[in-house]
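Engineer: I would like the atomic coordinates for the input below:
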Amino acid sequence: MTYSHRFIVLVALFVTCLIAANITAVKLIAVFGLLLPAALVIFPVSYILGDVLTEVYGYRQARRVIWLGFLCNLVVVATIWIGQILPAAEFWDGQAAYERILGLAPRILAASFLAYLVGEFANAFVLAKMKIATEGRWLWTRTIGSTLVGQGLDSLIFIVLAFAGTIPPAALMGAVVTQWLVKSAYEAAATPVTYAVVGYLKRSEGVDVYDRDTRFSPLALSD
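Structural biologist: Below is the predicted model:
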């Protein structure tokens, strides 16, 4: 398959949003009384881009992009870790700050990676299946419906695996629900933008894939 410049731009934006979200997630912000990670600014955009990729180019291409995002994020994490363990110059006094901001614990990293894979694949799967069921109509039902599932799983897996045992169960589930609803509302608010981008790409690319014969295994990269 020959990839258009539009497709490449979407992929680059998807990966950039993912990496930016993982780096900024270390900061907690307070918005309207809600305690949320700063990554909230950009992470839902990766789901919006994932919706666009699946809706226009199909699950097969979205699957490749999801794994590419995982690989790129792994490279960034490995690079940050190597930078952390390398001996610092004698005059450099930023080691503690480097470790404080960038040195995520293995438990947090594992939770983040697993939540990303489960959430993104669930999002793409639900959208592709709903597209077939609705015969391509009512795009908003697919983008919002897939986000509710994908973001719900992402929030549940990440927060439970990362923080279970460190905060009370009630607070843990409260954090899950809060992040799920805020992220889902973010994407719902962006529905008009999603419609515009999807419409533009379908017209300019001449592509509108239906995954009727697709193998939906996340591992079937050659399909």
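Engineer: nearest residue to the most centrally placed residue in the chain other than its sequence neighbours?
Structural biologist: Nearest residue to the geometric centre of the chain (CA atoms, centre = their mean): Ser46, 4.7 Å. In space, Ser46 comes closest to Cys17 once its chain neighbours are excluded; the distance is 4.2 Å by CB to CB, 6 or more residues apart in numbering. In this view, the C-beta of every residue, glycine as well, is placed from N, C-alpha and C.
Engineer: ok, now how distant is that neighbour from Pro106?
Structural biologist: 24 Å (CB to CB, to the nearest Å).
Engineer: Those two: which is more packed in?
Structural biologist: Shown here are Cys17 and Pro106; by other CB atoms under 10 Å, Cys17 has more neighbours (22 against 8).
Engineer: what sits against the more buried one?
Structural biologist: Applying CB atoms under 8 Å, 6 or more residues apart in numbering to Cys17 gives the contacts 42-43, 45-46, 49.
Engineer: Give me the three-state assignment for it.
Structural biologist: helix (DSSP: H, G, I helix; E, B strand; the rest coil).
Engineer: Number of residues surrounding Phe70?
Structural biologist: 16.
Engineer: Where do the helices of the protein begin and end?
Structural biologist: 5-24, 43-57, 59-85, 95-102, 106-133, 139-163, 169-189, 191-205 (DSSP state H).
Engineer: taking those helices together, which one is wrapped up most tightly?
Structural biologist: Greatest average neighbour count among the helices of the chain goes to helix 43-57 (a mean of 24), per mean count of other CB atoms under 10 Å.
Engineer: can you pull the contacts of the nearest residue to Val11 once chain neighbours are set aside?
Structural biologist: Spatial nearest neighbour of Val11, chain neighbours left out: Val65 (5.3 Å); criterion: CB to CB, 6+ apart. Val65 is in contact with 11, 14-15, 50, 53, counting by CB under 8 Å, 6+ apart.
Engineer: okay if I get those residues as JSON lines plus pLDDT and distance to Cys72?
Structural biologist: As requested, the contacts of Val65 are exported to JSON lines (pLDDT from 0 to 100; distance: CB to CB, whole Å):
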{"residue": "Val11", "pLDDT": "96", "distance to Cys72": "10"}
{"residue": "Phe14", "pLDDT": "96", "distance to Cys72": "10"}
{"residue": "Val15", "pLDDT": "96", "distance to Cys72": "5"}
{"residue": "Gly50", "pLDDT": "95", "distance to Cys72": "15"}
{"residue": "Leu53", "pLDDT": "96", "distance to Cys72": "15"}
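Engineer: Now the phi/psi pair for the closest residue in space to Arg63 that isn't next to it in sequence, please.
Structural biologist: Nearest in space to Arg63, with sequence neighbours left out and distances taken as CB to CB, 6+ apart, is Pro218 at 6.4 Å. Main-chain dihedrals, Pro218, degrees, to the nearest 10: phi -60, psi -20.
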